[in-house]
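**Student:** sequence below, structure please.
(4 chains)
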There are 2 protein chains.
Amino acid sequence: MFDSCFVARLSRYIDLNASEKAAIADLERDPQSYAAGTALWREGDDICELSIVHQGWALSETLLHDGTRQILRFHFPGDLMGASGIAFRDAAASIIAATDMMVCRFPRRALGETFARHPRLAALFFSLSQLESVDLSDRLRALGRNDGKARLAHLFLSIAARMRVVTGEHKAEVRMPLTQTDLGDAVGLTQVHVNRLIRQMTEEGLIIRTRSTVTLVDEDRLIELARFVDRFSTIDSSWFPPSNTV
Amino acid sequence: MFDSCFVARLSRYIDLNASEKAAIADLERDPQSYAAGTALWREGDDICELSIVHQGWALSETLLHDGTRQILRFHFPGDLMGASGIAFRDAAASIIAATDMMVCRFPRRALGETFARHPRLAALFFSLSQLESVDLSDRLRALGRNDGKARLAHLFLSIAARMRVVTGEHKAEVRMPLTQTDLGDAVGLTQVHVNRLIRQMTEEGLIIRTRSTVTLVDEDRLIELARFVDRFSTIDSSWFPPSNTV
DNA sequence: GGGTGAATTTAACATGGGTTAATTTTATGT
DNA sequence: ACATAAAATTAACCCATGTTAAATTCACCC
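**Tutor:** Sure, this is the predicted structure:
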């Protein structure tokens, strides 16, 4: 069978049977590649497809009337992209490749068919979508009630946590090809202030930053500073309906 | 049949058949009442139930280590509460009644059964959960990239939009029994600064505020100021599986 | 109908982060 | 090697918002 990132991701949470695996892998065919920096789609585009990240990672962003930008979330291998816009005809946000990527698109209707044939997968998709809501809530709390340093710490930790799941390693150094402008747009600060804070955090022995990496030098202190909680480790599947072998 | 808020809410988006209506109404039995200000549950509680709001409204909040508070979202009649915590055993946020409320609780497992019997409802629940994600993204953008006045304007407009759906009226005056502290905790400002901004907005002829209401005096200007988009009007159901009459 | 605590209002002052702009470093292509 | 553009660094200055604290108003209860 085709080696599916999505199967790997979902298998972290429940044991999929062969029929479910086949249904999921079926969504992840015909991989397309995108170079770092290119847009998979733009805010307002008429998109009727969803995408699974196969390799690389992306960010979802929205532009404000005055030209400023807010980065809404990050997408890693095994993530479903475009779901948040599924209630609309037009995309609610742009998706930009942060690294070179491989992505598999499939039509919305295929999701509907999966829901019909595999209710347990529907429950899993629902749960994962709620996980993302909680992740967004965590970021909302950080933007609403934390100062700049804690916001940056939170961002570094959350990206590191997701990357480490993908690589299967737990190294202090994490690849993070984001500019200071990107970081600022993610946590609601200016590029100049991000620069100031990174300098401070480096002097304090919290991190080391290069253009394309961060090293979490004192991860315990970062976690303490940001009150970081990793939400993506497990989920409660006790309420799921039984699997369907059709 | 029992008069179900949830049926009414979901019927705004798709035509439910009798079997689907029965399944939904079945979730909304045994209403319980809560007085304004009481907690339906607290962050960390072991909750294995979901709740449908029947009357009144609630807010979902989380406390930070230093005692500050972030209000994450608001829940109106016809809303499903507790879904965002469905991936966890313990509640990720507290729910506090903003007004006197009637609420119907049901176990998570009942949702799983609904997913199994009515795939079209599963698709609808999934879509609505994505709508909430987009709503959260909108708030994230507001906190990250708007100044205090625009954040408050956004909050007033979004609560008003949801309340008006419930009441079926479109009046400029909207009931909003929130303190200035509550407003600040929702948009990431201090109570003192909320007070300053409300005075300014009043002087500018944007709003009139009493303890338990806001009047949107110049709604067009508020919408312009906050770049408000109402996300909850319709959804794309074209990809849904067919309804199941079982 | 006066007492009480919560909510609001206001003021003085402090600061985190924004703005602007100039300079330096780095990556990349030729 | 050099040219070029993007990214990072740094500095000076400013403003939106935070902090603290006191005074006032409001809602509600005995």
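
**Student:** now the helices for chain A?
**Tutor:** Using DSSP state H, the helices of chain A run over residues A:5-11, A:18-27, A:108-117, A:119-145, A:148-167, A:180-187, A:191-203, A:219-226.

**Student:** can these go into a markdown table with extra columns for distance to B:Met101?
**Tutor:** In short, each C-beta sits where N, CA and C put it, glycine included. Below are these laid out as a markdown table (distance: least, CB to CB, whole Å):
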| stretch | distance to B:Met101 |
| --- | --- |
| helix A:5-11 | 36 |
| helix A:18-27 | 39 |
| helix A:108-117 | 32 |
| helix A:119-145 | 21 |
| helix A:148-167 | 33 |
| helix A:180-187 | 35 |
| helix A:191-203 | 42 |
| helix A:219-226 | 34 |
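
**Student:** off-centre distance for the worst-scoring helix or strand of chain A on mean pLDDT?
**Tutor:** Ranked by mean pLDDT, DSSP states H and E, the weakest helix or strand in chain A is helix A:5-11, scoring a mean of 90. In terms of CA atoms, centre = their mean, to the nearest Å, the centre of helix A:5-11 is found 14 Å from the chain centre.

**Student:** do the same with stretch A:122-130
**Tutor:** Once both centres are worked out by CA atoms, centre = their mean, stretch A:122-130 turns out to sit 15 Å from its chain's centre.

**Student:** that stretch near chain B anywhere?
**Tutor:** Yes - Stretch A:122-130 lies within reach of chain B by CB under 8 Å from any CB of the partner chain, at A:122-123, A:125-130.

**Student:** any idea of the mean pLDDT for that stretch?
**Tutor:** Averaging pLDDT along stretch A:122-130 yields 96.

**Student:** ok, back up a step: so which of the helices of chain A comes closest to B:Ala22?
**Tutor:** helix A:119-145 (18.0 Å; CB to CB).

**Student:** columns mean neighbour count and distance to B:Met163 on top of the helices of chain A, output as a markdown table?
**Tutor:** Formatted as a markdown table, the helices of chain A follow (neighbours: other CB atoms under 10 Å in any protein chain shown; distance: least, CB to CB, whole Å):
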| stretch | mean neighbour count | distance to B:Met163 |
| --- | --- | --- |
| helix A:5-11 | 19 | 38 |
| helix A:18-27 | 18 | 39 |
| helix A:108-117 | 20 | 31 |
| helix A:119-145 | 23 | 21 |
| helix A:148-167 | 21 | 32 |
| helix A:180-187 | 22 | 32 |
| helix A:191-203 | 15 | 37 |
| helix A:219-226 | 17 | 35 |
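
**Student:** which non-adjacent residue is nearest the residue nearest the centre of chain A?
**Tutor:** Computing the C-alpha centroid of chain A and ranking residues by CA atoms, centre = their mean puts A:His75 first, at 2.9 Å. Excluding the flanking residues, the one nearest A:His75 by CB to CB, 6 or more residues apart in numbering or on different chains is A:Ala58, at 4.5 Å.

**Student:** tell me if the least confident helix or strand of chain A is near chain B.
**Tutor:** No - using CB under 8 Å from any CB, helix A:5-11 stays clear of chain B, coming no nearer than 13.1 Å.

**Student:** may I have that helix as PDB, with CA atoms only?
**Tutor:** The C-alpha coordinates for helix A:5-11 follow below in PDB (Å, rounded to 0.1, in the frame of the first residue of the first chain):
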ATOM      1  CA  CYS A   5       1.400  10.200   6.200                       C
ATOM      2  CA  PHE A   6      -2.200  10.500   7.100                       C
ATOM      3  CA  VAL A   7      -2.500   6.900   8.100                       C
ATOM      4  CA  ALA A   8       0.600   7.300  10.200                       C
ATOM      5  CA  ARG A   9      -0.800  10.300  11.900                       C
ATOM      6  CA  LEU A  10      -4.200   8.900  12.600                       C
ATOM      7  CA  SER A  11      -2.700   5.600  13.800                       C
END
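
**Student:** beta partners of the residue nearest to A:His75?
**Tutor:** A:His75, A:Ala97 (DSSP bridges).

**Student:** my guess is it contacts A:Asp100. True?
**Tutor:** No - using CB atoms under 8 Å, A:Ala58 is not in contact with A:Asp100, being 10.7 Å away.

**Student:** the more surrounded of the two?
**Tutor:** The neighbour comparison of A:Ala58 against A:Asp100 (other CB atoms under 10 Å in any protein chain shown) goes to A:Ala58, with 26 against 14.

**Student:** how close does the more buried one get to A:Ala161?
**Tutor:** Distance, A:Ala58 to A:Ala161, by CB to CB, to the nearest Å: 17 Å.

**Student:** same question, A:Phe106
**Tutor:** Counting by CB to CB, the gap from A:Phe106 to A:Ala161 is 27 Å.

**Student:** next: A:Arg141.
**Tutor:** The spacing between A:Arg141 and A:Ala161, counted by CB to CB, is 17 Å.

**Student:** repeat that for A:Phe115.
**Tutor:** Separation of A:Phe115 from A:Ala161 (CB to CB) stands at 29 Å.

**Student:** cool, and A:Ile24?
**Tutor:** According to CB to CB, A:Ile24 stands 23 Å off from A:Ala161.

**Student:** go on, A:Ala35?
**Tutor:** The gap separating A:Ala35 from A:Ala161 is 26 Å, by CB to CB.

**Student:** returning to what we had before: the helices of chain A: which one's closest to B:Ile47?
**Tutor:** When these are compared by CB to CB, helix A:119-145 sits nearest B:Ile47, at 13.4 Å.

**Student:** now the closest one: how far from the chain's centre is it?
**Tutor:** Relative to where its chain is centred, helix A:119-145 has its mean C-alpha point 11 Å off (CA atoms, centre = their mean).

**Student:** can you list the helices and strands that it packs against?
**Tutor:** Other helices and strands packing on helix A:119-145, by 3 or more CB pairs under 8 Å, 6 or more residues apart in numbering or on different chains; DSSP states H and E, are helix A:18-27, strand A:69-75, helix A:108-117, helix A:148-167, strand B:69-75, helix B:108-117, helix B:119-145.

**Student:** how about the second one as PDB, C-alpha atoms only?
**Tutor:** So the one you mean is strand A:69-75. Output in PDB follows, covering the C-alpha atoms of strand A:69-75 (Å, rounded to 0.1, in the frame of the first residue of the first chain):
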ATOM      1  CA  ARG A  69      -0.500  40.100   8.300                       C
ATOM      2  CA  GLN A  70      -1.500  37.600  10.900                       C
ATOM      3  CA  ILE A  71      -0.300  34.000  10.800                       C
ATOM      4  CA  LEU A  72      -3.100  31.800  12.100                       C
ATOM      5  CA  ARG A  73      -1.500  28.300  12.300                       C
ATOM      6  CA  PHE A  74       1.100  25.900  11.100                       C
ATOM      7  CA  HIS A  75       0.600  22.700   9.200                       C
END
